[in-house]
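1. when you get a sec, could you give me coordinates for this:
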Amino acid sequence: MSSETKLSRIHYVMFLSYSLTFLIWGFVTTSGVMTLDYFSKYIPRFLVPISAAMGPLFLMVGNTLMGRLADIVGRRGIYVFTMSLYTIGLVGMALSLFFINTMPVEIAFTVFLISYILAEVGVGGEEPPALAATTELMPPNRRGSMLVLITNFDNVGAALAALIFFLSLLWSTPISATWTMIGTAILIIAVAVVIRLVTPESVRWLMVKGREDVARRIAEEKGLMYAISDYRSKANVRFPPVWFRALVLSLMGFSQLATYGLMAYYIIYLPTLPFSSNEVLAAQVLLWANVGASLAGLVGLVVDNIRRKMFTLLSYIGGLLTMIPIFLVYGLMSTSSIASSLSIFYILLFLNMVFSEFGWAVRVLLEPELFPTRVRSTWIGIVRLISWTVYIILIYYLLATASTFTYLLSNVLLYIVGTAAALAWYIWGVETRSLPVSVLDGAAGK
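-> Now for the predicted structure:
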């Protein structure tokens, strides 16, 4: 099929542009979690799980609405909406902490919640078009690597935000530490605006929309002709039915998404664990979890040399095997001396997050590869709508019950579901590694 294409300047521009999408997402998530953690001291307990669920809920809204809109107005055209939303949201979150000392808590908390919602719609809205554009524009022989490394910047952003918050907290107040974290995110957004101005539209999307002259001109100027070339006659690939693809991706999606979020972020709200109600210890949970995920994301450097189906199965089996000891120690043996050790918890969490990131890598590889260009961003949004819906319900239920045993057992069960879906794809799925996007479009559209 296509010959190997070396990465050029335009590929690195796109890599930086799409990476900043996920870096900002990491900052938004950590900023929202830690700001809510501060407000949790002043609001009724029942509001904590409801508020925690608002972030994923409206990120899901952004995924779905902006995902569909990106198939209509283009991958590049969506950024004016999304960047405005999360910039306003981050500024609003910072202001809410200022208002808590000058206004009634109810008003300050309302400002935070609205701002948090706007920011999550914005970052959620950038995810489907970023995944779609990466799939459509990166060379087939480097597509997997780019997808995994780009999306790993969500973990890098979360880890960096947690580190900034943690270090700031050592010599200042939680409010000042949060302002420092959010201020850094706004500086990153300023850089992203400049990079987005020179990021090209997806030429594959332009072709599908009938704008062939524009697509060819951009492709010739940027060295992207491989993205609009047709290799379908040289390949005979047929994907399973769309319902099977959507079902497997949804099951793997909510399994990975929920186990990552519940363990890396929302576990700090459980009152029975040793880091509860302690900002310094809670920041370290977010830090170690996302450092583990960030390091695991470097698998992107070699992922194009690994069969997708095997990588998928091993990722979920590894997640299950590393979740079981966490459940045994902190769920079944919660009164033992070993369960009071933060060091042991951090090590187990770190290992679990490594495989969670592998599961995330699998998702960002398969979701855009298994649907055609004309509806790629839409389907990514739909699959994530299903995943986020289950995740949101779990966040509310598990935080409302506040049972550590139930919380950790649920994570084990979620990994079992993900492993079953990965096994189904291993048996009945199709290998997509290094297939040109035209072949993916042909196979997905059959």
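
2. chain neighbours aside, what residue packs nearest to the residue nearest in space to the middle of the chain?
-> With distances taken as Cα atoms, centre = their mean, the chain has residue 154 as the residue nearest its mean C-alpha position (6.0 Å). Nearest residue to residue 154, sequence neighbours excluded (Cβ to Cβ, 6 or more residues apart in numbering): residue 22, at 4.0 Å. For glycine as for every other residue, the C-beta is placed from the backbone atoms N, C-alpha and C.

3. what's downstream of the host helix or strand of that neighbour, the next helix or strand?
-> Per DSSP states H and E, residue 22 falls inside helix 9-39. Downstream of helix 9-39, the next assigned helix or strand under DSSP H and E is helix 47-73.

4. what pLDDT, on average, does that next one get?
-> In this model, helix 47-73 has an average pLDDT of 89.

5. from the contact counts, what lies against the helix or strand that it is followed by?
-> Of the helices and strands lying after helix 47-73 in sequence (DSSP H and E), the nearest is helix 79-99. Helix 79-99 sits against helix 9-39, helix 47-73, helix 105-137, helix 174-196, with contacts defined as 3 or more Cβ pairs under 8 Å, 6 or more residues apart in numbering; DSSP states H and E.

6. buried stuff in helix 79-99?
-> Using 16 or more other Cβ atoms under 10 Å as the test for burial, helix 79-99 gives 79, 81-83, 85-87, 89-97, 99.

7. got it, and stretch 433-446?
-> For stretch 433-446, by 16+ other Cβ under 10 Å, it's 433-444.

8. next one: stretch 387-402
-> 387-388, 390-392, 394-396, 398-399, 402.

9. now do the contacts for residue 290.
-> Residues in contact with residue 290 (Cβ atoms under 8 Å, 6 or more residues apart in numbering) are 26, 155-156, 158-159, 162, 264, 353.

10. let's have the residues you listed in JSON lines, adding neighbour count, distance to residue 168 and pLDDT.
-> Below are the contacts of residue 290 laid out as JSON lines (neighbours: other Cβ atoms under 10 Å; distance: Cβ to Cβ, whole Å; pLDDT from 0 to 100):
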{"residue": "26", "neighbour count": "26", "distance to residue 168": "17", "pLDDT": "90"}
{"residue": "155", "neighbour count": "28", "distance to residue 168": "20", "pLDDT": "87"}
{"residue": "156", "neighbour count": "21", "distance to residue 168": "18", "pLDDT": "90"}
{"residue": "158", "neighbour count": "29", "distance to residue 168": "16", "pLDDT": "87"}
{"residue": "159", "neighbour count": "23", "distance to residue 168": "15", "pLDDT": "87"}
{"residue": "162", "neighbour count": "28", "distance to residue 168": "11", "pLDDT": "86"}
{"residue": "264", "neighbour count": "28", "distance to residue 168": "20", "pLDDT": "85"}
{"residue": "353", "neighbour count": "27", "distance to residue 168": "23", "pLDDT": "92"}
